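Colleague: Need coordinates for the below:
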Amino acid sequence: MPNNKYDGKALVSVPMGASMVCVFETNVDSVARTALGHIPVLTAVPAFAFQGANSPKPTRAKILTADGWNSSFVTAVATTQAALKEVGWQIGRAPQRRAIISGTTARAVTVYVTIRGIKYAWNMPSETRVKITDATLTALGINIATAADIPTLVWGATFPKPAKAQTFITGGTQGGDLLSTFVGQAVEDNLPANWKLKSPRIMFPGDP
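Modeller: Alright, predicted model coming up:
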């Protein structure tokens, strides 16, 4: 059966390589889920999992049946994809990983923090970066991304999402600046002086 928007959706996951797991909802039938390598998420969400990210996204696969197209994400396991092709599934290209921004003249720099074992990435504006010392950056659990990190960066995930912290830096013609940034999970309870949590981290239901 093809995808049916009126069918109940099941929460499943697929491995994506680099020890990462993408969690998502699907309404393809149970036969297709098994063929595509979907793993049901029945209780605890697996380690190194994320959901709703802008990047990376799993490869998509589709097949034309008598009732229409059946389409969903597929596991990154090469042998599974090869077996699907043998029975008529079309496997799309793996989506390209998002690039990073670096360099002293750029308007932003790509950074990341670790939460639930994944590297949650974003582009920090340069005007924010120059106001945070290297020592404070480290104390906040923030790392400058390099090209080697690209395969393991997760952008814009709904789950998990890091906590945010803020501080007020005095000085300048306006009296000071209110800075806000994501922080690493491991340092939430041990922030640098004058920094405080602005919003809590967002985890999968059931996570500590």
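Colleague: quick one: the helices in the chain?
Modeller: Per DSSP state H, the chain carries helices over the ranges 30-36, 78-86, 126-129, 134-139.
Colleague: Out of these, which one sits most buried?
Modeller: Among these, the stretch with the highest mean neighbour count (mean count of other Cβ atoms under 10 Å) is helix 30-36, at a mean of 17. From N, CA and C alone the C-beta is placed, and that goes for glycine too.
Colleague: Other residues contacting it?
Modeller: The list of residues contacting helix 30-36 from outside it, by Cβ atoms under 8 Å, 6 or more residues apart in numbering, reads 10, 12, 14, 26, 28, 40, 61, 70, 72-75, 80, 83-84, 87, 89.
Colleague: now the residue most central in space within the chain: how far from Asn143?
Modeller: With distances taken as Cα atoms, centre = their mean, the residue of the chain nearest its centroid is Val154 (3.4 Å). Using Cβ to Cβ, to the nearest Å, Val154 is found at 13 Å from Asn143.
Colleague: what does Arg116 give?
Modeller: To Asn143, Arg116 is 16 Å away according to Cβ to Cβ.
Colleague: Likewise for Ser199?
Modeller: Distance of Ser199 to Asn143, computed by Cβ to Cβ: 20 Å.
Colleague: now swap in Pro160 and tell me
Modeller: Pro160 sits 17 Å away from Asn143, going by Cβ to Cβ.
Colleague: same deal with Ser55?
Modeller: As defined by Cβ to Cβ, Ser55 lies at a distance of 18 Å from Asn143.
Colleague: ok so, going back, of Arg116 and Asn143, who's got more company?
Modeller: Neighbours were counted for Arg116 and for Asn143 using other Cβ atoms under 10 Å; Arg116 has more, 22 against 17.
Colleague: burial count for the residue lying closest to that one once chain neighbours are set aside?
Modeller: Excluding the flanking residues, the one nearest Arg116 by Cβ to Cβ, 6 or more residues apart in numbering is Pro160, at 4.4 Å. Neighbours of Pro160 under the rule other Cβ under 10 Å: 21.
Colleague: which residues sit in contact with Pro160?
Modeller: So Pro160 contacts Phe50, Ile115, Arg116, Ile118, Tyr120, Arg201, Ile202, Met203, Phe204, Asp207 (Cβ under 8 Å, 6+ apart).
Colleague: list the contacts for Ser72?
Modeller: Taking Cβ under 8 Å, 6+ apart, one finds Asn3, Thr26, Val28, Ala32, Arg33, Leu36, His38, Arg60, Ala61, Lys62 in contact with Ser72.
Colleague: quick one: pLDDT of it?
Modeller: Here the pLDDT value assigned to Ser72 is 96.
Colleague: next one: the one 3 residues further on
Modeller: According to the prediction, Thr75 has pLDDT 97.
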